[in-house]
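> output the structure for:
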Amino acid sequence: MNETKLLPVPESLVGERVDAGVAKLMGLSRSVVADMVVDGLVQMNGKVVGKSDRLAAGAFLEVSLPKPKNHLEIIPVEVEGFKIIYQDADIVVIDKPAGVASHPSVGWDGPTVPGALLALGIQISTSGAQERQGIVQRLDVGTSGLMTLAKSEVAYSRLKQAFRDRAVHKIYHAVIQGHPDPLAGTFDAPIGRHPKAEFKFAVMNDGKHSVTHYETLEAFPAASLVEVNLETGRTHQIRVHFSAFRHPLVGDTMYGADPKLAAKLGLDRQWLHAVRLSFEHPTSGETVSFESSYPAELQHALSVLRS
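Residues are numbered from 1 along each chain as shown. This is a model prediction of the structure:
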């Protein structure tokens, strides 16, 4: 029997195509949702919808999730724009493009980081759950930038501990709507599962301790480029904190961004990029640091904002 989810249509997704909107809302790939729609597994206000139908204001979606067809296996797939920044016997540091998942998961049939590495002949650690072997950190599918993975078992153990100890320095750049006040500051607000949409997260009194530091780098008429330093590493942390304080990331319609501004900038993802990463190498003990430049779609959006 399929698991069924009842979800209200968020205001930020009103007018989106059903396949695109449900994919964003539930964290599934668009092709999976399209197949679900064709199979009649998505209804809006009690009626079966087509994938090109539009999400209506105030509507409720009833989504029946199909059972996984197989276990979460790693499939080698070459990914355009996927770059190896550094590797040795213990670690590999990549520059992940948007649209690539950090690891396989139910409902995702797109490319994954382990699959892209496997296609390049790079083996990672076998420690961890099968679908997360070698994974010591994650980036959202729609987030690009630097990510490290463990190739050796000792690196996996030590890097996992380093992330738990908050000894890994992670810097992101984001473009947010509006202008934060103050221009530099800290969000210290607990994050937990959203009470009405389990695929989202929200600032919750009973959530996990979450701290985000930010500083404005550049201001535009309708948005700001900010540098973000994560003290903790909760799922969707940057997206949730800025949304909660009424400055959602540009392009992040799942968390309340203006879809018209995203369309003007040519974005179908949140403007969020992991630009710098530094940590103590798990075997040499030396501090290693890496940097990544903005991908073309984010650079284009900046150019439009500056024009």
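
> contact partners of stretch 246-258?
10-13, 16, 24-25, 142, 174-178, 180, 200, 223-224, 236, 238-240, 242-243, 259, 261-262, 265, 267-272, 301 (Cβ atoms under 8 Å, 6 or more residues apart in numbering). Using the backbone N, CA and C atoms, a C-beta is placed for each residue, glycine as well.

> chain center to it: distance?
13 Å (Cα atoms, centre = their mean, to the nearest Å).

> buried residues in it, which are they?
For stretch 246-258, a neighbour-count test (16 or more other Cβ atoms under 10 Å) marks His247, Pro248, Leu249, Val250, Gly251, Asp252, Thr253, Met254, Tyr255, Gly256, Ala257, Asp258 as buried.

> check contacts around the nearest residue to Leu230 once chain neighbours are set aside.
Spatial nearest neighbour of Leu230, excluding adjacent residues (Cβ to Cβ, 6 or more residues apart in numbering): Lys170 at 5.2 Å. Shown in contact with Lys170 (Cβ under 8 Å, 6+ apart): Gln137, Asn229, Leu230, Gly233, Ala274, Arg276, Leu277.

> export the residues you listed to a markdown table and append columns for neighbour count.
Output for the contacts of Lys170, formatted as a markdown table (neighbours: other Cβ atoms under 10 Å):
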| residue | neighbour count |
| --- | --- |
| Gln137 | 20 |
| Asn229 | 15 |
| Leu230 | 21 |
| Gly233 | 14 |
| Ala274 | 22 |
| Arg276 | 17 |
| Leu277 | 22 |
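
> now render the residues you listed as CSV, adding secondary structure, pLDDT and distance to Leu117.
Below are those laid out as CSV (DSSP: H, G, I helix; E, B strand; the rest coil; pLDDT from 0 to 100; distance: Cβ to Cβ, whole Å):
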residue, secondary structure, pLDDT, distance to Leu117
Gln137, coil, 91, 14
Asn229, strand, 96, 28
Leu230, strand, 93, 24
Gly233, coil, 87, 22
Ala274, strand, 97, 17
Arg276, strand, 97, 21
Leu277, strand, 97, 17
